[in-house]
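**Student:** sequence? don't have it. structure:
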């Protein structure tokens with residue numbers, strides 16, 4: 001029972017509870033993936049008893065499927081682009097991704113899938129293996145056309161990297177920032193890399209550089225406002241360079257001499 005239809009006789013308050021559960025689930029799955037999210041935390045965020053999640057959605061798996069059902073069309077179209085429209089893959093995939101990003105439910109659904117992919121499967125997790133299998137659909141062209149594996153891997157990495165980098169930067173590196181938030185963003189990127197076990201997509205590297213540079217600059221200037229360092233400092237009229245250290249984490253170097261400009 002997935003609760004997709006309103007139950008006969010449900011009171012308006014209970015129908016509102018179903019919506020709040022679904023909204024809370026979208027955020028939880030997008031932040032922690034399937035195994036990392038719990039029905040109890042989702043129910044607490046929604047302000048309802050955990051028993052109501054079973055009443056409306058049956059179980060956690062059904063709730064996850066409800067959250068991600070909004071992107072079935074986009075997922076199918078991306079797979080089709082990879083297998084049948086190779087010369088136009090860049091333009092077509094960019095359009096699909098852009099449209100998804102402008103719809104909040106779709107954006108959170110895609111993040112739910114990506115987080116699940118990069119989060120280790122928990123005990124009895126019925127979703128992780130399915131997500132991995134669905135991801136392999138992007139490589140269908142490579143299976144029948146040997147020699148294209150690298151291109152398909154790069155394409156898949158670009159998609160996942162784009163969504164996760166955009167999410168992390170949007171949450172922690174907006175115009176208004178804080179040292180604690182920037183540190184949390186860097187820790188989140190590092191945790192994602194460890195869970196994945198593969199080289200980081202370029203988008204993650206760039207996101208890490210932005211976060212590290214902003215964390216190092218302990219002042220506020222232009223579109224960079226630090227809650228914990230609200231004043232502008234002339235000492236910071238100097239360049240900040242970020243490179244990727246051997247550890248895989250961004251390392252920051254600040255010029256010794258301030259710019260004359």
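**Tutor:** Done, it's in. Keep in mind that this is a model prediction, so the values were computed, not measured.

**Student:** What is the end-to-end distance of stretch 219-239?
**Tutor:** 14 Å (C-alpha to C-alpha, to the nearest Å).

**Student:** Show me where the stretch 151-261 of the chain has its strands.
**Tutor:** Using DSSP state E, counting those that start in this stretch, the strands assigned to the stretch 151-261 of the chain run over residues 176-177, 225-226, 240-244, 250-254.

**Student:** Which one, of those strands, ends up nearest to residue 213?
**Tutor:** strand 240-244 (4.8 Å; C-beta to C-beta). Using the backbone N, CA and C atoms, a C-beta is placed for each residue, glycine as well.

**Student:** circling back to that earlier point, will you turn the strands of the stretch 151-261 of the chain into CSV that also has distance to residue 113, mean pLDDT and mean neighbour count?
**Tutor:** Formatted as CSV, the strands of the stretch 151-261 of the chain follow (distance: least, C-beta to C-beta, whole Å; pLDDT from 0 to 100; neighbours: other C-beta atoms under 10 Å):
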stretch, distance to residue 113, mean pLDDT, mean neighbour count
strand 176-177, 28, 92, 17
strand 225-226, 33, 92, 18
strand 240-244, 27, 83, 14
strand 250-254, 27, 85, 15
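
**Student:** Same list, these, but as a markdown table with distance to residue 203 please.
**Tutor:** Formatted as a markdown table, these follow (distance: least, C-beta to C-beta, whole Å):
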| stretch | distance to residue 203 |
| --- | --- |
| strand 176-177 | 19 |
| strand 225-226 | 24 |
| strand 240-244 | 13 |
| strand 250-254 | 14 |
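
**Student:** out of these, which comes closest to residue 132?
**Tutor:** Residue 132 lies closest, by C-beta to C-beta, to one member of those: strand 240-244, at 27.4 Å.

**Student:** quick one: low-confidence ranges for the stretch 151-261 of the chain?
**Tutor:** 151-163, 192-201, 248, 258-261 (pLDDT under 70).

**Student:** Leaving out the residues flanking it, which one is nearest to the residue positioned nearest the centre of the chain?
**Tutor:** Centroid-nearest residue in the chain, with C-alpha atoms, centre = their mean: residue 164, separated by 3.5 Å. In space, and not counting its chain neighbours, residue 164 is closest to residue 114: 6.0 Å by C-beta to C-beta, 6 or more residues apart in numbering.

**Student:** Now name the helix or strand holding the one you found.
**Tutor:** In this assignment (DSSP states H and E), residue 114 forms part of helix 104-118.

**Student:** the helices in this structure, which residues?
**Tutor:** Along the chain, the stretches classed as helices by DSSP state H are 12-36, 39-46, 51-57, 60-68, 72-84, 89-101, 104-118, 128-136, 140-144, 149-172, 179-196, 202-216.
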